[in-house]
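Asks: sequence-free structure coming up:
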């Protein structure tokens, strides 16, 4: 989708501001929001692309006015509301008003280390040969889906070169809708001038990781 | 609120906004706990893990090992995920790690323009600037400008390679070993490795900067 989250190359005033001796979290609520989000993945059953879409699928002014963990919180509430795990009146009241919905599993303290160690690998079995090889020239497709995608706007419609093959990975565009549809994944690299025209820095090359259906031969 | 002191006014305003979010998170945790979806003890453990166990010291040990052990360096660059697992670092947001090596002719920088993808097992949770609009917008178009924001520059002859983490591959920069450290132990070398040097927005400390 065309959201404020897709920031590559957007004019943005002001420098990057590193914070000396930055703490991991800046407030107690950030700690809890982070942990609740990780823990709810288990009873919630959503995948990472559903989570990302829930965070990015909001009006630009809303996305840009929220802090990072406020966006996580809003995304989590959205995912839980969609599945009836919590209801709007409960969030409004700040307390449970309805019986819990049965869930398949929850995260116990004993399960934390194993859950983190397991992670969520996205690589899947190869079932068909890769269409592209290292060194091939490709053009990224021009597309504007209203749903989740991981092809950033700033590389759409540009010619690049296949630099790496990563095997077959879950396709986020469909995974956000519940279908893994695994595809070959490539690192494709673009020259600065190709992406930014005369403003581009000739000493810069930029890559994205792109699924096969994002690409066509050039 | 009389607003007689401008600074105080802003302070109070920020404070009340924070409190609103704080209250919302507390209420949400109560709802989810009472419904049996989350266990507060598991939440505590998740927080403790990322505040005390998983952070850039892990990555620094990986870099120091690569600087000290050529066979490990070769394994790291060939297939980083199992090489990093040799040191015990693996899992969430590091399921598929790729190490990219800086050289005198090539400098690597990692960004996630779409969100905040970052190699948690080796670097921990990302800093605020990494998730911020200025970095996510500027890194792919003007990485030299980003380096200037961090207070350093590279020769024009150095190629800059920006890796936008759009999939579940997590990039990790292997910086160049500082000169004058030839007889240093792995442990001392690890103290030179900064978090930013493994993102590509910084360089390792020089020997005279070591604590």
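Replies: Ah, there it is. Fair warning: this is a prediction, and the values are worked out from it, not measured in the lab. Residues are numbered from 1 along each chain as shown, chains lettered A, B, ... in the order given.

Asks: buried ones in the helix ranked longest in chain A?
Replies: Identified as the longest helix of chain A according to DSSP state H is helix A:28-44. For helix A:28-44, burial by neighbour count (16 or more other CB atoms under 10 Å in any protein chain shown) applies to A:29-44. For the C-beta atoms, the positions are set from N, CA and C on the backbone; glycine is no exception.

Asks: what helices and strands are in contact with it?
Replies: Counting contacts by 3 or more CB pairs under 8 Å, 6 or more residues apart in numbering or on different chains; DSSP states H and E, helix A:28-44 is packed against helix A:68-82, helix B:6-34, helix B:40-48.

Asks: quick check, pLDDT for residue A:11.
Replies: At residue A:11, the pLDDT value in this model is 83.

Asks: now do the phi/psi pair for it.
Replies: Main-chain dihedrals, residue A:11, degrees, to the nearest 10: phi -70, psi 130.

Asks: what's near enough to touch it?
Replies: residue B:137 (CB atoms under 8 Å, 6 or more residues apart in numbering or on different chains).

Asks: could you redo the last one with a cut-off of 10 Å?
Replies: B:137-138, B:141 (CB atoms under 10 Å, 6 or more residues apart in numbering or on different chains).

Asks: what's the most buried one of the helices and strands packed on helix A:28-44?
Replies: With neighbours taken as mean count of other CB atoms under 10 Å in any protein chain shown, those reach their highest mean count in helix A:68-82, at a mean of 20.

Asks: for that helix, what is the average pLDDT?
Replies: Mean predicted confidence for helix A:68-82 is 98.

Asks: could you find the closest non-adjacent residue to the residue positioned nearest the centre of chain A?
Replies: Residue closest to the average C-alpha location in chain A (CA atoms, centre = their mean): residue A:52, at 4.4 Å. Leaving aside its sequence neighbours, residue A:52 sits nearest to residue B:115 (CB to CB, 6 or more residues apart in numbering or on different chains; 6.1 Å).

Asks: follow-up on the earlier one: make TSV out of the helices and strands packed on helix A:28-44 and add distance to residue A:7.
Replies: Below are the helices and strands packed on helix A:28-44 laid out as TSV (distance: least, CB to CB, whole Å):
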stretch	distance to residue A:7
helix A:68-82	13
helix B:6-34	23
helix B:40-48	28
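
Asks: for residue A:4, which of those helices is the nearest?
Replies: helix A:68-82 (10.3 Å; CB to CB).

Asks: how many neighbouring residues does residue 154 have?
Replies: Here I'm looking at chain A. 21 (other CB atoms under 10 Å in any protein chain shown).

Asks: right idea, wrong chain: chain B
Replies: Quick note: residue B:154 (other CB under 10 Å) scores 16 neighbours.

Asks: thinking it is in contact with residue A:203, fair?
Replies: Yes: if you go by CB atoms under 10 Å, residue B:154 and residue A:203 touch, sitting 9.0 Å apart.

Asks: joint contacts of those two?
Replies: B:107, B:143-144, B:160.

Asks: and the average pLDDT for the longest helix of chain A is what?
Replies: The pLDDT scores in helix A:28-44 average 98.

Asks: quick one: that helix to helix B:40-48, angle?
Replies: Helix A:28-44 runs at 120 degrees relative to helix B:40-48, counting by axes from the mean of the first three to the mean of the last three CA atoms, to 10 degrees.

Asks: which ones are touching residue 92?
Replies: Looking at chain A here, since you left the chain open. Listed by CB under 10 Å, 6+ apart, the contact partners of residue A:92 are residue B:27.

Asks: to clarify, I was referring to chain B.
Replies: Under the criterion of CB under 10 Å, 6+ apart, the neighbours of residue B:92 are A:38, A:41, A:115-120, B:49-50, B:54, B:120-121.

Asks: count of neighbours near the nearest residue to it once chain neighbours are set aside?
Replies: Of all residues not flanking residue B:92 in the chain, residue A:119 sits nearest, at 4.1 Å (CB to CB, 6+ apart). Using other CB under 10 Å, residue A:119 is surrounded by 17 other residues.

Asks: residue A:119 against residue B:120, yeah?
Replies: Yes: here residue A:119 reaches residue B:120: they are 8.8 Å apart, a contact under CB under 10 Å.

Asks: pull up the overlap in contacts between those two.
Replies: Residues touching both residue A:119 and residue B:120 (CB under 10 Å, 6+ apart): B:91-95.

Asks: ok, these vs residue B:73, which is closest?
Replies: For these, the residue nearest residue B:73 by CB to CB is residue B:94; the value is 18.7 Å.

Asks: just give the nearest non-adjacent residue to that closest one, would you?
Replies: Residue B:94's closest residue in space is residue B:121 (CB to CB, 6+ apart), at 3.6 Å.

Asks: which other helices and strands does the helix or strand where that neighbour lies contact?
Replies: Assigned by DSSP states H and E, residue B:121 belongs to helix B:120-123. Using 3 or more CB pairs under 10 Å, 6 or more residues apart in numbering or on different chains; DSSP states H and E as the contact test, the elements touching helix B:120-123 are helix A:112-118, helix B:56-68, helix B:80-85, strand B:96-101, strand B:169-174, helix B:195-199.

Asks: biggest strand in chain A by residues?
Replies: strand A:159-169 (DSSP state E).
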